[in-house]
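Undergrad: just a sequence and a predicted model for now, questions to come.
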Amino acid sequence: MAVMTSEGISIDATKPSIARVYDYLLGGKDNYAVDREIGDVFKRDLPGSVAIAFANRAALTRAVEQIVTTTGVRQFIDLGSGLPTADNVHQVAQRHAPDSQVVYVDNDPQVLVHGRALLEQNDRTRVVAADVRHPEAVHHHPDTRRLIDFERPVAVVLSAILHHVNDDEDPARIVRYWRDHVPSGSYFFISHFRSGNNAETREAEKILQQTFGRGRWRTDEEIEYLLDGLDILDPGIVPASLWRPDVISNPWNNAGTRDLTVWEHLISAGLARKP
C-alpha cells in the first residue's frame, strides 16, 4: 500500500523503514503499523533495548552542543539523519550559534517530506535526498554546495548510520571520503552499535538482519578503525551514555552516575578531529 503525501512523495506503508522504527522507539508518531510491529519486537522480546535509541540521541545532542560552543565550526552535514525529533542538529546548533548551517542527508521518503517542511521554516537548513553510501552524490549536490563551504571546517555527523552499512559496502570508505574532502579542523561525530558478545547483541542483530538485511554490531576497535586518520578526542570510543555526560542536561540524558544497563553498553559514541 502506497501512501501519497500532499507533496507528491510516495511512501510504501507495507515495508518497515529504519527511520520510522527509530521514530517509534523514541516515542514519535511518524510511523506505520509495519514499523510498530518491528519496534514492538524490541520492546516485547528485548526489554530495555529502547535505551539504545535514547542513549544515542542524548550523545548526539551533547556532541553538537560541544562542537558549536567550543569551536568555530558552524557547518554540519548529518548523514542518515532520520526523522526529526526533539533537539535536532540544527535546533541544538542554532540555539547557541544562530548562523549555524545544516545539511541533512537521507533517502527515506518520509524524511524528505519533513525536510521540505524544515525548508519553509529555516533558510539555513537543507535536506538532500541521497544515499550515504554514495558520498560523492552528497558532496556535489547543489543544496550541499549552496549551504556548505568546503574551504572552512565542517562537522560530519554519523549518528547511528554506519552500523546499517554492511561490511561488503565498506563503511570505512564513506568516512575516508569525507575525511579527504573536508579541511583540517573539521569534526566527525560517530555513534554505532557496539558488540557485547552476548545474547542481547546476537538477538538484536538477527532481528535487524532479518528485517532490513542490514544492522552490524562492531567492536570498539572496529569502530575506531572507521575513524582512521582522525584524532579521536577524549574520552575516546565509549558507551554513548558515558560520552561527556556532563556537557549538558537534556531530556534524552538520564545516565547520571548510575550503572549502565547491558543495552546502554551496546551503543558507542566518539568525537574525532581532522588534524
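TA: Alright, I've got the coordinates.

Undergrad: wait, is residue 103 part of a helix?
TA: No: according to DSSP: H, G, I helix; E, B strand; the rest coil, the state of residue 103 is strand, so it is not within a helix.

Undergrad: who's in contact with it?
TA: When contacts are counted by C-beta atoms under 8 Å, 6 or more residues apart in numbering, residue 103 touches 76-78, 125-128, 138, 143-144, 147-148. To be clear about C-beta, it is placed using only N, CA and C from the backbone, and glycine gets the same treatment.

Undergrad: which stretches of the stretch 1-150 of the chain form helices?
TA: Counting by DSSP state H, counting those that start in this stretch, one finds helices in the stretch 1-150 of the chain at the ranges 18-25, 33-45, 50-70, 89-96, 109-121, 135-139, 142-147.

Undergrad: select from the ones you listed the stretch with the lowest mean pLDDT.
TA: Looking at these, the lowest mean pLDDT belongs to helix 109-121 (a mean of 74).

Undergrad: next, the angle from it to helix 33-45.
TA: Counting by axes from the mean of the first three to the mean of the last three C-alpha atoms, to 10 degrees, helix 109-121 points 110 degrees away from the direction of helix 33-45.

Undergrad: helix 109-121 packs against which elements?
TA: Helix 109-121 makes packing contacts with strand 10-12, helix 18-25, strand 101-106, strand 125-129 when contacts are defined by 3 or more C-beta pairs under 8 Å, 6 or more residues apart in numbering; DSSP states H and E.

Undergrad: any buried residues in it, and which?
TA: When neighbours are counted by 16 or more other C-beta atoms under 10 Å, the buried residues of helix 109-121 are found to be 109-115, 118.

Undergrad: can you add distance to residue 242 and give those back as a markdown table?
TA: Converted to a markdown table, the buried residues of helix 109-121 look like this (distance: C-beta to C-beta, whole Å):
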| residue | distance to residue 242 |
| --- | --- |
| 109 | 35 |
| 110 | 32 |
| 111 | 29 |
| 112 | 34 |
| 113 | 35 |
| 114 | 31 |
| 115 | 32 |
| 118 | 31 |
